[in-house]
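K.L.:
Got a predicted model here, sequence first, then my questions.
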Amino acid sequence: MKHIKIKELLQSKEFGKEFIIKGWVRTLRGNKNVSFIAINDGSIINNVQVVVDIPVFGEEYLKNVTTGACVKVRGILVRSQGQGQTVEVQAKEIFVYGSCDPETYPLQKKSHTLEYLRTIAHLRPRTNTFSAVLRIRHNMAFAIHKYFNDKGFFYLHTPIITASDCEGAGEMFRVSTLDINNLPKTQDGQIDFTQDFFGKETNLTVSGQLEGELGAMALSEVYTFGPTFRAENSNTPRHLAEFWMIEPEMAFYDLEDNMNLAQDFVQYLIKYALENCKDDLEFLNKMYDKELISRLGFVVNNDFERLTYTQAVDILIKSGEKFEFPISWGTDLQSEHERYLVEKHFKKPVILIDYPKEIKAFYMKQNPDGKTVRAMDVLFPKIGEIIGGSQREEDLQKLVNRINELKLPSKDIWWYLETRKFGTAPHSGFGLGFERLILFVTGMANIRDVIPFPRTPKNAEF
């Protein structure tokens, strides 16, 4: 007999029928005559209760059925007499796949802090919180692919190892096979990367955008969805050294088209979560963030406010608010500024456009004023910036001039410049940090709690 997932069993009405379930013991309670075992297999946040007649099985037989143990149960599905569940299983046979010492098991039946659970990330998916987060993460990944597929976009796999620095930030992880104890040197004492695996200096990617643009110049509408890396020494609740990015790039889109797509995309994803992750969202709403579900509905049901960076700075200056970081035209907005605009001033998500060119990347299309670029940032409650994008500069000479102004090594991106030389086209795109999205959808407060195994400064455990 094939076993049934607990998610399906809890919806079954086949009372009196025999089923096999497999999973991990969450809790046990009872007396010398009867034992109630809560079992979960990760398919749903709810456990199924297994009722065990102790005199039938014998206490010795059940001694390895402890919290954390992995078991197989064969039993009869019956209506439950207890509160909080409609069905339960009357055990006929119990087999222990893996026992678990109740004295040393790190997940005791008590409340554990999220900080503690990060130290046992190999076991934390067994908790209600993290199983909920991981199921939502899966659903969001699936919804991203479904959204773009249904709109006719093509999924482009951009390289993880690259010789170019998309953002010009320089905070990259080097990829090398050179012996660090015996580095080859050039005549002038520099490291001789011609002897390295790729024959040049290479790094882990910070973004798939530049290669995404190449795809858009042939396939019109593409998207990437993959891991990206930043060697940024940021120990904040919003930063990871390894995270996932969704980056669509679209030929023939201007900034307006880009904004429309970004709003439609995130509203689709949140609506998908509300429709497909109901049990998990209700749990997180109850345990972590009482406003979670109402906030998700708020984003789905409101058009995003659109205004320029200059208008936003004017609002912030006139607000009379005491910000930790002073605001003036030309400074980059901090999370506190972004959240003020969203949560207090407009009380809805915001898209800011036309940022000063000095605080944005080289590839953004320059406005006729010579001071600003066709950038856009989508700002959300609690999170601040969730999407960053722009119309890309398609004019070869303007792009070359900007690269020269910033003293960037254009020889490394000759191929990028050639797309402006051979059949250039207006095009736009944006990047959505996947973990920022999951933070918003789950109501969790720390980005380390929405990825299975976080990579942060001084931490590459598991």
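P.N.:
Nice, thanks for sending it over.
K.L.:
what are the ranges of the helices in the protein?
P.N.:
Along the chain, counting by DSSP state H, helices occupy 6-11, 54-57, 114-119, 128-150, 209-219, 255-276, 278-287, 292-301, 309-318, 335-339, 396-405, 414-421, 434-442.
K.L.:
Ignoring the adjacent residues along the chain, who's closest to Glu358?
P.N.:
Spatial nearest neighbour of Glu358, excluding adjacent residues (Cβ to Cβ, 6 or more residues apart in numbering): Gly330 at 6.6 Å. In this view, the C-beta of every residue, glycine as well, is placed from N, C-alpha and C.
K.L.:
just checking, that neighbour touches Ile359?
P.N.:
Yes. At 7.3 Å, Gly330 counts as touching Ile359 under the criterion of Cβ atoms under 8 Å.
K.L.:
contact partners of the least confident helix or strand in the chain by mean pLDDT?
P.N.:
Here the helix or strand of the chain ranked lowest by mean pLDDT, DSSP states H and E is helix 54-57, holding a mean of 92. Here helix 54-57 makes contact (Cβ atoms under 8 Å, 6 or more residues apart in numbering) with Gly30, Lys32, Asn33, Val34, Ser35, Leu62, Ala91, Ile94.
K.L.:
picking up where we left off before, now the helices of the chain in CSV, with mean neighbour count and distance to Pro381?
P.N.:
Converted to CSV, those look like this (neighbours: other Cβ atoms under 10 Å; distance: least, Cβ to Cβ, whole Å):
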stretch, mean neighbour count, distance to Pro381
helix 6-11, 16, 31
helix 54-57, 12, 52
helix 114-119, 15, 21
helix 128-150, 18, 18
helix 209-219, 21, 26
helix 255-276, 19, 12
helix 278-287, 17, 15
helix 292-301, 16, 6
helix 309-318, 17, 16
helix 335-339, 19, 7
helix 396-405, 15, 34
helix 414-421, 15, 36
helix 434-442, 24, 8
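K.L.:
Identify whichever of those helices lies nearest to Val48.
P.N.:
Distance to Val48, taken as Cβ to Cβ, is lowest for helix 6-11 among the helices of the chain, at 4.9 Å.
K.L.:
so how far is the closest one off the chain centroid?
P.N.:
Its chain's C-alpha centre and that of helix 6-11 lie 28 Å apart, by Cα atoms, centre = their mean, to the nearest Å.
K.L.:
what does the average pLDDT come to for it?
P.N.:
For helix 6-11, mean pLDDT is 96.
K.L.:
so what does it touch, helix or strand wise?
P.N.:
Applying 3 or more Cβ pairs under 8 Å, 6 or more residues apart in numbering; DSSP states H and E, we find helix 6-11 packed against strand 18-30, strand 48-53, strand 87-98.
K.L.:
is it possible to export those to JSON lines including mean pLDDT?
P.N.:
As requested, the helices and strands packed on helix 6-11 are exported to JSON lines (pLDDT from 0 to 100):
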{"stretch": "strand 18-30", "mean pLDDT": "96"}
{"stretch": "strand 48-53", "mean pLDDT": "96"}
{"stretch": "strand 87-98", "mean pLDDT": "96"}
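K.L.:
any chance of these in a markdown table, with distance to Val300 and mean neighbour count too?
P.N.:
Formatted as a markdown table, the helices and strands packed on helix 6-11 follow (distance: least, Cβ to Cβ, whole Å; neighbours: other Cβ atoms under 10 Å):
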| stretch | distance to Val300 | mean neighbour count |
| --- | --- | --- |
| strand 18-30 | 33 | 18 |
| strand 48-53 | 32 | 20 |
| strand 87-98 | 33 | 16 |
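K.L.:
can you put those strands in JSON lines and add distance to Thr186?
P.N.:
Converted to JSON lines, the helices and strands packed on helix 6-11 look like this (distance: least, Cβ to Cβ, whole Å):
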{"stretch": "strand 18-30", "distance to Thr186": "57"}
{"stretch": "strand 48-53", "distance to Thr186": "66"}
{"stretch": "strand 87-98", "distance to Thr186": "56"}
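K.L.:
out of those strands, nearest to Thr162?
P.N.:
strand 18-30 (41.2 Å).
K.L.:
Pull the residues that contact that closest one.
P.N.:
By Cβ under 8 Å, 6+ apart, strand 18-30 touches 1-4, 6, 9, 12, 35-42, 47-48, 50, 52, 54, 65-77, 89, 92, 97, 100, 109, 126.
K.L.:
follow-up on the earlier one: send the alpha carbons of the least confident helix or strand of the chain over as CSV?
P.N.:
The C-alpha coordinates for helix 54-57 follow below in CSV (Å, rounded to 0.1, in the frame of the first residue of the first chain):
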residue,chain,number,x,y,z
ILE,A,54,-1.0,1.3,24.5
PRO,A,55,-2.2,-2.0,26.0
VAL,A,56,-2.4,-3.4,22.4
PHE,A,57,1.1,-2.2,21.4
